[in-house]
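In: Starting from these lines, generate the structure:
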Amino acid sequence: MAWNEPGGGKRDPWGRNNGSGGGGGKGPDFEQFIKHLRARFGRFGRGGGGLVTIIAALLLAWVVLSSYTVIDARQVGVVLRFGQYSRMLPPGFHLKLPSPIEQVSKVFTTQVRSVSDKATMLTNDENIVSVDFNVQYQVSDARKFLFSMTDPDETLREAAEAAVRSVVGNNNMDTLLSGQGAELVAKTREALQQTLDGYQCGIVVTEVSFQNVSPPDQVRDAFDDVNKAREDKQRIENEAQAYASQVIPVARGEVARIAAEAAGYKAERIARATGDTERFKLLLAQYKAAPQVTRERLWLETMETVLANNPKVIDGSNGRNMIYLPVDKLFGAPTDSSSQPSNVIKGATMQSGAATGGDQ
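Out: Numbers count the residues shown, from 1 in each chain. So this is what the prediction gives:
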């Protein structure tokens, strides 16, 4: 029957009845319980070698359980013998001396670790800028990683801040805010890796990024105005270049047209002057041969040209009759040589009899 089964009064684990009667609610008897335990374990310790057997069994179990280790594929094991570096263990199952003779520290070499921080720095042109940066790294040498630093993350954070300060201090504010982040990140990563290599800390930097580069909150509005002005300047320059690209070809075409017209006018004037010169030379030769005849011919040709282009009235009465001029027709008559001949009035020429009413 279980000690707590109903009936016959409740019994506690120490074999005492715990009924509602007698005993007055006394607690369990610890001395009785200890004696019971001694009686049970005494069976294994009877004789001279009983205690030794127990100790030997415990030692054997301890040796078996602490004489091997399993290294994960993502890890590297560093074996310490009495606290001193002994050897490296690659991934897999390995035997070792039991603890505390040899201990194994497992280091994740494929795990990507990250450190982030924010710092206010001074630029080359003595402006203050706030930089949020993030550094990702991996362990390249587990031994150096364990023994070269007491706090790897803090060491890396301080080294990264120093590298960022060196890069920011060598550039001005416009460079930092103009979007040249890739070049600055590359310089920061190179400087940080050189620092870590000098520490011999067994860390390789995989990536460095600037999360935010901005002026402090106290002067943010002023810098926003500067950036807006810079954007307006760039926009205006782009518009000017677009306008120049549109106007310059048109102007060049206009220049070419004017130059072509000028060349044509030049050729025309030269040809006309050359023709006039040749005509004058021919006329001079004729004049030298017959001056009087040439003068009369020139006079007639000139009068023919003048009279052919102007309206005229011919009086054949030697001034004896009054002539009424058709003023309306004279002033309205065309003067172009290609128009209707002016010697017909409606040319402009009238016979003396028609113009005067006739010589009766």
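In: contacts, neighbours, all on C-alpha from now
Out: Fine.
In: doesn't Thr206 make contact with Gln193?
Out: No. Taking contacts as Cα atoms under 8 Å, Gln193 lies outside contact range of Thr206: 9.6 Å.
In: With neighbour numbers in mind, choose between the two.
Out: Using other Cα atoms under 10 Å, the more surrounded residue of Gln193 and Thr206 is Gln193, with 18 against 14.
In: Please give me every residue in contact with that one.
Out: Val204, Val205 (Cα atoms under 8 Å, 6 or more residues apart in numbering).
In: and the gap between it and Gln138?
Out: Separation of Gln193 from Gln138 (Cα to Cα, to the nearest Å): 12 Å.
In: Phe223 now?
Out: Phe223 is 38 Å from Gln138, by Cα to Cα.
In: Kindly report the same for Thr188.
Out: Look at Thr188 and Gln138: by Cα to Cα, they are 17 Å apart.
In: Those two - which one has more neighbours?
Out: Taking other Cα under 10 Å, Thr188 and Gln138 do not tie; Thr188 has more neighbours (24 against 18).
In: Quick check: which element contains the more buried one?
Out: Assigned by DSSP states H and E, Thr188 falls within helix 181-199.
In: Show me which positions of that helix end up buried.
Out: If you call a residue buried by 16 or more other Cα atoms under 10 Å, then helix 181-199 has these buried ones: Leu184, Val185, Lys187, Thr188, Arg189, Ala191, Leu192, Gln193, Thr195, Leu196.
In: Also stretch 84-97?
Out: Buried-residue list, stretch 84-97, by 16+ other Cα under 10 Å: Met88, Leu89.
In: From start to finish, how long is it in a straight line?
Out: Termini of stretch 84-97 sit 14 Å apart (Cα to Cα).
In: Likewise for stretch 77-89?
Out: Taking Cα to Cα, stretch 77-89 runs 5 Å from one end to the other.
In: how far out from the middle of the chain is that stretch?
Out: Average the C-alpha atoms of stretch 77-89, do the same for its chain, and the two points are 49 Å apart (Cα atoms, centre = their mean, to the nearest Å).
In: ok, residues contacting that stretch?
Out: Contacts of stretch 77-89 (Cα under 8 Å, 6+ apart): 71, 76, 90-91, 100-107, 142-143.
In: Report the buried residues of the helix or strand where Glu207 lies.
Out: In the assignment (DSSP H and E), Glu207 maps to strand 203-214. By 16+ other Cα under 10 Å, the buried positions in strand 203-214 come out as Ile203, Val204, Val205, Val208, Ser209, Phe210, Val213, Ser214.
In: roughly how far apart are the first one and Ser148?
Out: Right, Ile203. According to Cα to Cα, Ile203 stands 10 Å off from Ser148.
In: Arg220 - nearest residue in space that isn't next to it in sequence?
Out: Ser214 (7.8 Å; Cα to Cα, 6 or more residues apart in numbering).
In: Surely the one you found is in contact with Val129?
Out: Yes. Counting by Cα under 8 Å, Ser214 touches Val129, with 5.8 Å between them.
In: Tell me how the protein divides into domains.
Out: Domain ranges of the chain: 31-62, 68-108, 115-215, 307-356, per automatic domain parsing.
In: Would you mind giving those as CSV with mean pLDDT and distance to Lys266 added?
Out: Output for these, formatted as CSV (pLDDT from 0 to 100; distance: least, Cα to Cα, whole Å):
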stretch, mean pLDDT, distance to Lys266
domain 31-62, 65, 117
domain 68-108, 88, 90
domain 115-215, 87, 57
domain 307-356, 56, 27
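In: In TSV, list these along with distance to Asp232.
Out: Below are the domains of the chain laid out as TSV (distance: least, Cα to Cα, whole Å):
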stretch	distance to Asp232
domain 31-62	77
domain 68-108	52
domain 115-215	14
domain 307-356	63
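In: closest one to Ile248 among those domains?
Out: Shortest distance between Ile248 and the domains of the chain, using Cα to Cα, is found for domain 115-215: 31.4 Å.
In: how far does that closest one stretch from start to finish?
Out: Domain 115-215 has an end-to-end distance of 22 Å (Cα to Cα).
In: What segments of this structure are helices?
Out: 30-45, 50-65, 142-147, 152-169, 173-177, 181-199, 220-289, 291-308, 327-332, 352-356 (DSSP state H).
In: starting at the chain centroid, how far to the second one?
Out: Meaning helix 50-65. Helix 50-65 sits 70 Å away from the centroid of its parent chain (Cα atoms, centre = their mean).
In: Ok, the third one next?
Out: The chain centroid and the centroid of helix 142-147 are separated by 40 Å, computed with Cα atoms, centre = their mean.
In: In terms of secondary structure, what does it contact?
Out: Secondary-structure packing of helix 142-147 (3 or more Cα pairs under 8 Å, 6 or more residues apart in numbering; DSSP states H and E): strand 75-81.
In: If we go by neighbour counts, what in the strand it packs on is buried?
Out: For strand 75-81, the neighbour count (16+ other Cα under 10 Å) marks Gln75, Val76, Gly77, Val78, Val79, Leu80, Arg81 as buried.
In: Among the residues you listed, which one sits closest to Val63?
Out: Arg81 (15.5 Å).
In: Against Ser99, how distant is that closest one?
Out: Going from Arg81 to Ser99 by Cα to Cα gives 9 Å.
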